[in-house]
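> what follows is a predicted structure for the sequence shown.
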Amino acid sequence: MADIHAYAEVAHRFGGDALLDSHLPMLDLVDKLARDYEAMDPADARHVGLAYALKVLTQSYAEDPGYRHEWRP
């Protein structure tokens, strides 16, 4: 809870861009999921669920010019 309040305080004082560094660990985790997905056998029962999870996570970038329509869940 303290972290949430700290992030809110930073965003309030310095703007949302100040929180960019706080997103880096999350981006690393998403990258790891994407690499795991690429290495996974399509017959693996987790393949479909992981593909959907990655598509949902990429929705936060839907306004980016590099976002692809096929990434939508």
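Right, received. Where do you want to start?

> name the residues of the longest helix seen in the chain that are buried.
The helix that spans the most residues within the chain, counting by DSSP state H, is helix 24-39. For helix 24-39, a neighbour-count test (16 or more other CB atoms under 10 Å) marks 30, 37 as buried. For every residue, glycine as well, the C-beta is placed using N, CA and C.

> quick one: end-to-end distance for stretch 58-69.
Stretch 58-69 has an end-to-end distance of 11 Å (CA to CA, to the nearest Å).

> which helices and strands sit right next to the longest helix of the chain?
helix 47-58 (3 or more CB pairs under 8 Å, 6 or more residues apart in numbering; DSSP states H and E).

> show me what the helix it packs on is packed up against.
Secondary-structure packing of helix 47-58 (3+ CB pairs under 8 Å, 6+ apart): helix 24-39.

> what are the contacting residues of the helix it packs on?
Contacting residues not belonging to helix 24-39 are listed as 47, 50-51, 53-54, 57 [CB atoms under 8 Å, 6 or more residues apart in numbering].

> mind putting those residues in TSV, neighbour count, distance to residue 29 and pLDDT included?
Below are these laid out as TSV (neighbours: other CB atoms under 10 Å; distance: CB to CB, whole Å; pLDDT from 0 to 100):
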residue	neighbour count	distance to residue 29	pLDDT
47	13	18	92
50	15	13	91
51	14	16	90
53	15	11	89
54	16	11	87
57	17	9	83
